[in-house]
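**Student:** Quick one: sequence and predicted model below, then my questions.
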Amino acid sequence: MKKLPIIIGLLFIFNLIIKGLFLNHFPNSLSFQEVEILRFMHINPSINDFSFRLINVFIGGSIDAILFYLIFKKTKNLLLSLIIAIAVGLSPWFVVLSRYLNYYLPLILLTVIVLNILPKKLYPILIAALSLASFRFLVISHDLSSIRLFSIIPDLIRVFDFRTLFFQGDPSSPMLRIPLTGFFYYLDILAFFSGISYLFLINKNKELKTFVNHILLLGLFLFLILPADLLMTQRGELIFLWISIINGLGYYNFFDILRRKSIFFIYIFVFIFSVNFLFTAELFINHFDKKNSSEWSYAEQSTIKYLITKNNEPVYMTNQSDKLYRYWQFLKEKNMKATEVPIDQMKELCKNPQNICIAKKEELSFFDIKKDDAKEKFGNFDGLPIYFILPAR
Amino acid sequence: MFRSKRNVVIVFFVILFLSFFLRFYKLSSIPNGPEWDEASVGYNAFSIAKTGHDEWGNKLPLIFSAFGDYKNPVYIYLSAIVIKVIGLSIFSTRFINALFGSLLILIWYLIAKLATKDEKTSLLTAFLLAFSPFGVFFSRIAGDGMMLSVFLISLGILFELMYLNKTKWIYYISAIICLLLSLFSYNLARIISPILILLILFLNIKFVKNKLIYIPIILICILFFFLVLKQSNISLQSRLQYVGIFGDEKGSVLQIKEMREHDKNSLISKITHNKLTVYLITFAGNYATYFSSIFLLGFNDNQLVYESQYPPLFIILIPFFYLGIVLLITELFKKTDSKNRSARLLLLALLFIAPIPAAIAEGVSGKRSLAMLGIMQFLSAYGLIFFINILQDRSRKKTITIILTFLIAINLFHYLFFYFFTFPQKYNKYYASRESRICQFIKNNYQDYDYFVYSRRINGFAYIFPLFCLSYPPDQYRVTRSYIKKDGWFTVNSFDKFIFPDEINSNFINGLINEKNKKIAIFLNEDENKNSPLNIKNTKTTKLPITSEAHNELYLYEFQIL
């Protein structure tokens, strides 16, 4: 098919737009995980430039394009493949995971590549499983004790809970949770049931069924081997990919039924989906950062932005402010210095008005300073202040 | 085995016998009791049986004020009959729910038989319901008559299926009456039954030959409508504000405020974050829970009474439950006769309407979703029998049947062990265990003391327990009590020898002691004991710890005024 490369290209661009638009603003601060990866890669970005996130945007786009090609190869059904690719590409969990730097998105890429390039006789599912296991133990962590077999069943129960999936989102932490919504759109719950019935009752294509089942099996395997304390979005990513594919099948099924009735119903359906999409987009753009500002270290980065404006004044912070110090080490501009000191030494240092002293809320009583007397205060978006710039005394 | 009618009857009666046994065995002691709602229901029924008035002196009321929570009347009136015959006790208070919980098996056996015409599915439905964790648990507590409510709704469904089968007007009217009656049994029916009635009226339009049947139906509906109207403004409204997601101080409303603050109250935020959208999302999320793993596989471990702490279905049945739903939906679109399709539509409607009362409340609740009982077991049985029937290979069919039977048996015995052994040990303390001990003490020592004092910190409605356990004469209670009504709730301060202060401290005791030679029994919980009035002048004080059970510490102080 001649148009195929064009469609794949367009799909890739579509993904770049969805995942890469306003990359510097949403999320508007660095996660601690990103700091760790960037340090590992020896990249020191500026505090306002998150272009390194493009790595994941490209990975996200590639996953969707490869997935489209894979499904097309198996079904020879362009519309079905396209609907699945759009459903996956627009899935809220996938968009969020593609908009910040993390180790976990490459695992999906690895899976779809292995499933795509290896011929059947080489048992691609086994090789994919082996690759996932290798990546997990070599790159993410080689700590076996982080696998907790006994909690697998209750954790899986939570993953497959409809409320979690479609209305509530990640229960393990709000970090990657779009407020008021789940891993998927509300409308996806209908598509999910439609997709399940399509896959098992209507679909006659065995290859498609096998592929979808393989994704689920690999998802369960990855869920099993990844550390139990990971966020559910990361740990269950292949399971979510499976659900997104099922949703795509469901939307195709709806489309198939509706087009036989009247084209008008399709317009209505597209309109309802668009409302759902815009509603979720509003939640992501206007509320994701504000609601989750603590998880995205908003307070630390606001403090550092302030310190950068203070040029070369010596900065002192207590050992209690370790998280701030680690962000500082990473985000400070050249020649700027900050020192972590024990709290009793700091009292003496703060007497010098040239020094900038930072303390946490619980340490203020030690300096005999009230909250309102602080020179500057920094907190999470709508939370109480956490870091205080102390006045010279 | 099921080809002979005799065998079917024998198997059915064995199941029915077992269901009665599971619901009546140790009914008074598992769970512990009486829990405060049970005590209230029991005493009001006792009061009706003795005097024809409720505890507040209202003659044959349509709704019982009780603590100010307005209890529905059907369960109380039926209990009054039982209490008239065998006296007031935990057993007699729970009797009606246990009885109707057992008879529910018969109703669902008949529903399954009418819907599927298959003996195996019907017997399996009856079996699964007989041993159902929700079925057993909710039949063994009085509550506000929740099991009676489910029974009446199910009976309504049965009559409608019988009408669809034989088109006799008596079934039609009986279905409507049962559903209308359920409105007065438990609040969940107030949402489910009106929708079912409308659906039945709609479904039956094309089958009604003699339009005159609508005259009695409309008259009955009008009568019930007025009865509901008479009590609805005081009961349902207060109930919804109390338990629902709609109150102004509830999480969803606070969420709107937070979201709008993020957007600085912009127009977009007003369009996207308002009561309609947030209520709708909260409701949809709650609703989805009742078809999800959190509910279907949920082993809760909370301190709530009226929660079974066990999943509603046996775990192995869950895939068959989903399969049953898919099958019923698929059959809806097949070209069968319209009566058959109406029957399936009615059953599906029941399944999808049943979680609504729970979805408009906060948290996951078994009791509010209890109307799913019966239909869940039917769909599981339907799915399971279908699954076994599609297996063509005979030996495979046999093997899978044996494996499934084995797994169901394991789950069944696990549940029975949980309910009759683990549950009493772990959860009895939440079922007014402390109040029961006080009751027992009062019962044995009523004549020995001049006053019994315990604060409402032991129980908010402490007065109901001595009333219940002494079967205290209602006429005498009404004359001697002193009470106030605050924020819609009744607070009884004292009656006869009993005093229930807000808090017990030295000042209170000193104020009480003004007559010589009086003997007073004071019960204190752990907190009160820490600040106990030990140094009361001119008294002889004895401290007797009654129980040191965790969360339920109870101490008795005996004062003899010198």
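**Tutor:** Sure, I can see it.
**Student:** what are the phi and psi values for residue 187?
**Tutor:** Using chain A. Backbone dihedrals for A:Leu187, given as degrees, to the nearest 10, come out at phi -70, psi -20.
**Student:** actually chain B
**Tutor:** The phi and psi values for B:Asn187, taken as degrees, to the nearest 10, are phi -60, psi -30.
**Student:** what separates it from chain A, distance-wise?
**Tutor:** 23 Å (C-beta to the nearest C-beta, to the nearest Å). To be clear about C-beta, it is placed using only N, CA and C from the backbone, and glycine gets the same treatment.
**Student:** Wait, that residue touches B:Lys71, no?
**Tutor:** No: under the contact definition of C-beta atoms under 8 Å, B:Asn187 does not touch B:Lys71, with a separation of 9.7 Å.
**Student:** Please identify every residue contacting each of those two.
**Tutor:** Contact criterion C-beta atoms under 8 Å, 6 or more residues apart in numbering or on different chains; residues bridging B:Asn187 and B:Lys71 by contacting each: B:Asp144.
**Student:** residue contacts, residue 381?
**Tutor:** You didn't pick a chain, so chain A it is. Contact partners of A:Phe381, counting by C-beta under 8 Å, 6+ apart, are A:Asp289, A:Lys290, A:Lys291, A:Ser293, A:Tyr298.
**Student:** please go with chain B instead
**Tutor:** Residues in contact with B:Ala381, defined by C-beta under 8 Å, 6+ apart, are B:Ala112, B:Thr121, B:Ser122, B:Leu124, B:Thr125, B:Phe127, B:Leu128, B:Phe320, B:Gly324.
**Student:** Give me the three-state assignment for it.
**Tutor:** With DSSP: H, G, I helix; E, B strand; the rest coil as the basis, the three-state label of B:Ala381 is helix.
**Student:** and the spatially closest residue to it that is not a sequence neighbour, how many residues sit next to it?
**Tutor:** Distances taken as C-beta to C-beta, 6 or more residues apart in numbering or on different chains put B:Leu124 closest to B:Ala381, at 3.8 Å, once the chain neighbours are dropped. Counted by other C-beta atoms under 10 Å in any protein chain shown, the residues lying close to B:Leu124 total 23.
**Student:** Enumerate every residue touching the residue in chain B positioned nearest to chain A.
**Tutor:** Checking chain B residue by residue against chain A with C-beta to the nearest C-beta singles out B:Gly285 as nearest, at 3.3 Å. For B:Gly285, the set of contacting residues under the criterion of C-beta under 8 Å, 6+ apart consists of A:Arg163, A:Phe166, A:Phe167, A:Gln168.
**Student:** Taking the centroid of the chain, which residue is nearest it?
**Tutor:** Just so you know, I chose chain A. A centroid search over chain A (C-alpha atoms, centre = their mean) returns A:Leu97, at 2.6 Å, as the residue closest to the centre.
**Student:** Not quite, go with chain B.
**Tutor:** Most central residue of chain B, judged by C-alpha distance to the mean C-alpha position with C-alpha atoms, centre = their mean, is B:Met146 at 3.6 Å.
**Student:** Quick check: chain neighbours aside, which residue is closest to B:Leu467?
**Tutor:** Spatial nearest neighbour of B:Leu467, chain neighbours left out: B:Tyr43 (5.0 Å); criterion: C-beta to C-beta, 6+ apart.
**Student:** Test my guess that the one you found contacts B:Ser89.
**Tutor:** No: no contact is recorded between B:Tyr43 and B:Ser89 when judged using C-beta under 8 Å, the distance being 11.6 Å.
**Student:** which one of those two has more residues nearby?
**Tutor:** Between B:Tyr43 and B:Ser89, counted using other C-beta under 10 Å, B:Tyr43 has the larger neighbour count: 28 against 20.
**Student:** Close to chain B: what parts of the stretch 101-250 of chain A are there?
**Tutor:** A:157-158, A:160-164, A:166-168, A:179-181, A:186, A:189, A:197, A:201 (C-beta under 8 Å from any C-beta of the partner chain).
**Student:** Sort out which of the residues you listed are buried, if you could.
**Tutor:** Neighbour counting by 16 or more other C-beta atoms under 10 Å in any protein chain shown classes A:157-158, A:160-164, A:166-168, A:179-181, A:186, A:189, A:197 among those as buried.
**Student:** Next step: those restricted to helices.
**Tutor:** Within these, residues falling in helices by DSSP state H are A:Ile157, A:Arg158, A:Phe162, A:Arg163, A:Ile189, A:Ser197.
**Student:** Report the separation between the first one and B:Gly298.
**Tutor:** Read that as A:Ile157. Computed as C-beta to C-beta, to the nearest Å, the A:Ile157 to B:Gly298 distance reads 8 Å.
**Student:** swap in the last one?
**Tutor:** Shown here: A:Ser197 relative to B:Gly298, a distance of 26 Å by C-beta to C-beta.
**Student:** Skipping its backbone neighbours, what lies nearest residue 350 in space?
**Tutor:** Here I'm looking at chain A. A:Cys357 (4.1 Å).
**Student:** you looked at the wrong chain, it should be chain B
**Tutor:** Beyond its immediate neighbours in the sequence, the residue positioned closest to B:Leu350 (C-beta to C-beta, 6+ apart) is B:Ile375, lying 5.2 Å away.
**Student:** now swap in B:Asn411 and tell me
**Tutor:** Once flanking residues are discounted, B:Asn411 sits nearest to B:Phe314: 4.0 Å by C-beta to C-beta, 6+ apart.
**Student:** my read: the one you found touches B:Phe413, true?
**Tutor:** No: distance between B:Phe314 and B:Phe413: 10.7 Å, which falls outside the contact criterion (C-beta under 8 Å).
**Student:** who has more neighbours, those two?
**Tutor:** Each of B:Phe314 and B:Phe413 had its neighbours counted (other C-beta under 10 Å), and the higher figure belongs to B:Phe314 (24 against 11).
**Student:** How confident was the prediction at that one?
**Tutor:** At B:Phe314, the model reports a pLDDT of 91.
**Student:** Over to A:Lys361?
**Tutor:** Reading off the confidence values, A:Lys361 has pLDDT 83.
**Student:** now swap in B:Glu549 and tell me
**Tutor:** Looking at B:Glu549, its pLDDT stands at 60.
**Student:** Ok, the one 5 residues further on next?
**Tutor:** For B:Leu554, the pLDDT comes out at 71.
**Student:** Please apply the same query to B:Val8.
**Tutor:** In the prediction, the pLDDT value recorded for B:Val8 is 91.
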